[in-house]
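Visitor: Any chance you can model this:
(chains A and B)
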There are 2 protein chains.
Amino acid sequence: MSHRQTRRVVSAEALAQGVLAGNRLLMARAISRVEDGADDAHAILRALFAHTGRAHIIGVTGAPGTGKSSLVTVLAQRYRMAGLTVGIVAVDPTSPFTGGALLGDRVRMRTLSGDAGVFVRSMATRGSLGGLSKTTGDVVSVLDAAGFDRIIVETVGVGQAEVEIAGTAHTTLVVEAPGMGDEVQAIKAGILEIADILVVNKADRPGVDKTIGALQMMLDTGGAVARPLRHHGRLFQIEMPVATPEQILRWQVNVLKTVAANGEGVEEVRQQIEAHRTWLEESGESKGREQVRAAHVLETIIQAELERRMRANLSVARFHEMVEAIGRRAIDPYTAASELLAAI
Amino acid sequence: MSHRQTRRVVSAEALAQGVLAGNRLLMARAISRVEDGADDAHAILRALFAHTGRAHIIGVTGAPGTGKSSLVTVLAQRYRMAGLTVGIVAVDPTSPFTGGALLGDRVRMRTLSGDAGVFVRSMATRGSLGGLSKTTGDVVSVLDAAGFDRIIVETVGVGQAEVEIAGTAHTTLVVEAPGMGDEVQAIKAGILEIADILVVNKADRPGVDKTIGALQMMLDTGGAVARPLRHHGRLFQIEMPVATPEQILRWQVNVLKTVAANGEGVEEVRQQIEAHRTWLEESGESKGREQVRAAHVLETIIQAELERRMRANLSVARFHEMVEAIGRRAIDPYTAASELLAAI
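Guide: Numbers count the residues shown, from 1 in each chain, chains lettered A, B, ... in the order given. Sure thing, here's the model as predicted:
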């Protein structure tokens, strides 16, 4: 297909067919439409949906500065050596003021480009520093339908992203680096609950044993409890039933050391991911996690649609008037909210 | 007032009166009701609203491990020496699974306790790691009405919190520490847009000059642009008009060094905050920021109420059925969402 042809307006059906055929140009275009929330985004996703569910989705998260991007790059190379194809979705923090992505495709694009078995896509979080983009799950679905064997979703930051990624991925890696303070350790208590594999990257730095010791202690204290299969959304909260007795036996979270800069330890991480994948399937945990994923996707769609409807019903001019009145202390915010909502 | 008396059920009006009279027990109880979203929370806030708007609100944010809590503690002591009263609201990350606060009141409570001119309150983010709690603004309002001269709102994490705090505070401090990677520097580009004052804490550590140099360079590159007065919510986006030519001249963001552990440099930070406060008033910027704050509060209330209404109208059982169907690939999420929403 020539460059000229792909410049034409392509229908949702043609884009979906292109994705299924592995056409990279149409894939990139389908992702853009999905990401932009174009009119035909839902049609594309509907057409692709029956072809999803085959990829193993790997979430990689952790605090800034831990070297996640390098780790993901080397991990992708290792998967390629093992004969598997890899899609990478890197969720970048966006400036809330300019709307621009702050990191972009970085070094990774250069390292991995030219390999048809790898597809890299950077996504802006659009207005939220940290946190997954609303359409991250949809972009993952496009890559899943396109037939990539493994899809890596990378998020930056200590924040909402960690929680959301657990609802989006099959296997969640939390990346650490030596030299964290007490505050970070405390936050870890929350992050540990979502980690299937812990990676201490930059393991050639001083303090690595202390960091590993602290993480191991937290894991030991936590005990062998099954990770709760729970959807904890703003609108819906549901518990998924535990399917099998094997599922109650928790996956043993291990702490692995890597130096992504020279590739050290990354193959072990890859093997651990594959071991987790096998465990998910054999224990029946897989089914439960798939449902948590489905709940996450469904709630995201419902929220987006409800917000769209609300925006259509609420008056920005009236909101602005109320803001001014509150600023003058002429009305309190609760009374102002009631008046605005009375109009719906 | 005896302990026994305060154990009785106290009316919203009595609580509001107690807050205005500076009664610490009733203040704590009013805050709990507001934080818990009790039935009379709105009544309490309505009664207090006319008495708010006097405190100067200082947001302190930055990545984990930068020593924000120590800095806030010493800053509060400095304000006390200057004869001013201080309220502190520390927003702690919460485990999304257990719901518990991860940090608690920590050492600070011990250092500052016993001083009637200081009030410390830790708040859990309730379900979001990072990010402000929905009721943070309300708790600030209670402390404002109670007559505290300065209110410090401290948030942990690189994430949504940074953005939200800019809509909540009059003066925003972003705290750094030496030894950040490139990724952190990139994220800074977003955070710098909300900083009124930059503090490099732990300035006795190696690499401090490099960190200061990097921050200074980013500031110089950014140029002397006025901070946009903008409310950027999920439902509403509005621009506030710039009031005066002085406002267009941007406040000069300075990089200050501190070692909070021994108090070094904290008095200079305090003076810089006061200088910023004076600038806000003289430039007219103050009025615009107060409106951004009002917009933030109003949108938060409207969102909470809309979510409450939706939860009342949506069927969890039906949602669960759809989740199972999606898991079986029997229906795609977009069609499932349409069917669920058709019921409203």
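Visitor: where does A:V153 land in three-state SS?
Guide: Secondary structure state of A:V153, per DSSP: H, G, I helix; E, B strand; the rest coil, is strand.
Visitor: Distance of the closest residue to A:V316 other than its chain neighbours relative to A:L143?
Guide: For A:V316, the nearest residue in space outside its immediate sequence neighbours is B:F236; the separation is 5.9 Å by CB to CB, 6 or more residues apart in numbering or on different chains. For glycine as for every other residue, the C-beta is placed from the backbone atoms N, C-alpha and C. Taking CB to CB, to the nearest Å as the measure, B:F236 falls 34 Å from A:L143.
Visitor: Give me the more crowded residue out of those two.
Guide: Here B:F236 and A:L143 are set side by side on neighbour count (other CB atoms under 10 Å in any protein chain shown), and the busier one is A:L143, at 28 against 21.
Visitor: and A:W251, how many neighbours does it have?
Guide: The number of residues packed near A:W251 is 18, by other CB under 10 Å.
Visitor: Mind pulling up the pLDDT for it?
Guide: The predicted structure scores A:W251 at 84 on the pLDDT scale.
Visitor: ok, the closest residue to it other than its chain neighbours to chain B distance?
Guide: When the adjacent residues along the chain are set aside, A:W251 lies closest to A:W279, with 5.5 Å between them (CB to CB, 6+ apart). A:W279 is 19 Å from chain B, where distance means CB to the nearest CB, to the nearest Å.
Visitor: same question, A:S283
Guide: In this structure, A:S283 and chain B are 16 Å apart, going by CB to the nearest CB.
Visitor: Then A:A12?
Guide: A:A12 sits at a distance of 12 Å from chain B (criterion: CB to the nearest CB).
Visitor: Could you tell me how many residues sit around that residue?
Guide: That count, for A:A12 with other CB under 10 Å as the rule, works out to 20.
Visitor: Hmm, it is touching A:I44, no?
Guide: Yes. The pair formed by A:A12 and A:I44 meets the contact definition of CB atoms under 8 Å, at 4.8 Å.
Visitor: intersection of neighbour lists for the two?
Guide: Common neighbours of A:A12 and A:I44 (criterion: CB atoms under 8 Å, 6 or more residues apart in numbering or on different chains): A:R33.
Visitor: where are the low-confidence patches of the stretch 1-150 of chain A?
Guide: When the per-residue scores of the stretch 1-150 of chain A are filtered using pLDDT under 70, the ranges that remain are A:1-8, A:64, A:92-111, A:124-134.
Visitor: Counting by contacts, list what the longest helix anywhere in chain A packs against.
Guide: Of all segments of type helix in chain A, defined using DSSP state H, the longest is helix A:285-313. Packing contacts for helix A:285-313, counted by 3 or more CB pairs under 8 Å, 6 or more residues apart in numbering or on different chains; DSSP states H and E, involve helix A:136-145, strand A:230-232, helix A:266-283, helix B:285-313, helix B:316-327, helix B:333-342.
Visitor: Throw the ones you listed into a markdown table and include distance to B:N254, thanks.
Guide: What follows is those, written out as a markdown table (distance: least, CB to CB, whole Å):
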| stretch | distance to B:N254 |
| --- | --- |
| helix A:136-145 | 38 |
| strand A:230-232 | 42 |
| helix A:266-283 | 42 |
| helix B:285-313 | 17 |
| helix B:316-327 | 51 |
| helix B:333-342 | 49 |
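Visitor: winner for burial among those?
Guide: Per-stretch averages of neighbours, counted by mean count of other CB atoms under 10 Å in any protein chain shown, single out helix A:136-145 among the helices and strands packed on helix A:285-313, with a mean of 25.
Visitor: near chain B, anything from that helix?
Guide: No. Residues of helix A:136-145 are not located near chain B by CB under 8 Å from any CB of the partner chain, the shortest gap being 8.5 Å.
Visitor: can you list the residues that contact that helix?
Guide: A:16, A:19-20, A:27, A:30-31, A:34-35, A:41, A:44-45, A:48-49, A:51-55, A:57, A:87, A:89, A:91, A:119, A:121, A:123, A:151, A:153, A:168, A:293, A:296-297, A:300.
Visitor: List the residues that contact the residue nearest to A:V316.
Guide: The neighbours of B:F236, taking CB under 8 Å, 6+ apart as the test, are A:311, A:314, A:316, A:319, B:295, B:299.
Visitor: let's go with 7 Å and repeat that
Guide: A:316, A:319, B:295, B:299 (CB atoms under 7 Å, 6 or more residues apart in numbering or on different chains).
Visitor: do A:G167 as well
Guide: Contacts here follow CB under 7 Å, 6+ apart; on that basis A:G167 touches A:231, A:292-293, A:296.
Visitor: pLDDT score for it?
Guide: pLDDT at A:G167 comes out at 70.
Visitor: picking that back up, least confident of the helices and strands packed on helix A:285-313, on average?
Guide: Among the helices and strands packed on helix A:285-313, strand A:230-232 carries the lowest mean pLDDT, at a mean of 78.
Visitor: quick check, that one touching chain B?
Guide: Yes. With CB under 7 Å from any CB of the partner chain as the threshold, strand A:230-232 lies in contact with chain B, specifically through A:H232.
Visitor: Name the nearest residue to A:A294, ignoring sequence neighbours.
Guide: That would be B:I326: by CB to CB, 6+ apart, it lies 3.9 Å from A:A294.
Visitor: ok, and the closest non-adjacent residue to A:L306?
Guide: Taking CB to CB, 6+ apart as the measure, A:L306 lies nearest to B:M310, with 6.2 Å between them; neighbours along the chain are not counted.
Visitor: what does stretch A:47-57 rub up against?
Guide: Among residues not part of stretch A:47-57, those counted as contacts by CB under 7 Å, 6+ apart are A:12-13, A:16, A:19-20, A:140-145, A:148-151, A:153, A:168-170, A:277, B:329, B:332.
Visitor: hang on, A:A90 is in a helix, isn't it?
Guide: No. The assignment for A:A90 by three-state DSSP gives strand, which leaves it out of any helix.
Visitor: That one - how many residues pack around it?
Guide: By the criterion of other CB under 10 Å, A:A90 has 24 neighbours.
Visitor: what's near enough to touch it?
Guide: A:A90 sits next to A:122, A:154 when contact means CB under 7 Å, 6+ apart.
Visitor: For A:M218, what is the enclosing helix or strand?
Guide: Using DSSP states H and E, A:M218 maps to helix A:208-222.
Visitor: what about that helix, distance to the chain center?
Guide: Averaging C-alpha positions (CA atoms, centre = their mean, to the nearest Å) puts helix A:208-222 25 Å from its chain's average.
Visitor: other SSEs contacting that helix?
Guide: If you count contacts as 3 or more CB pairs under 7 Å, 6 or more residues apart in numbering or on different chains; DSSP states H and E, helix A:208-222 packs onto helix A:182-192, strand A:197-200, strand A:255-257.
Visitor: Beta-bridge partners for the nearest residue to A:T172 once chain neighbours are set aside, please?
Guide: Residue nearest to A:T172 in three dimensions, not counting chain neighbours: A:G59, with 4.4 Å by CB to CB, 6+ apart. Partner residues in beta bridges with A:G59: A:V153, A:T172, with DSSP bridges as the criterion.
Visitor: Quick one: neighbours of A:G59, just the number.
Guide: By other CB under 10 Å, 27 other residues sit near A:G59.
Visitor: who are the neighbours in contact with it?
Guide: With contacts defined as CB under 7 Å, 6+ apart, A:G59 is in contact with A:153, A:165, A:168-169, A:172-173.
Visitor: which stretches of the stretch 1-150 of chain A form strands?
Guide: Counting by DSSP state E, counting those that start in this stretch, residue ranges of the strands within the stretch 1-150 of chain A are A:56-62, A:86-92, A:118-124, A:150-155.
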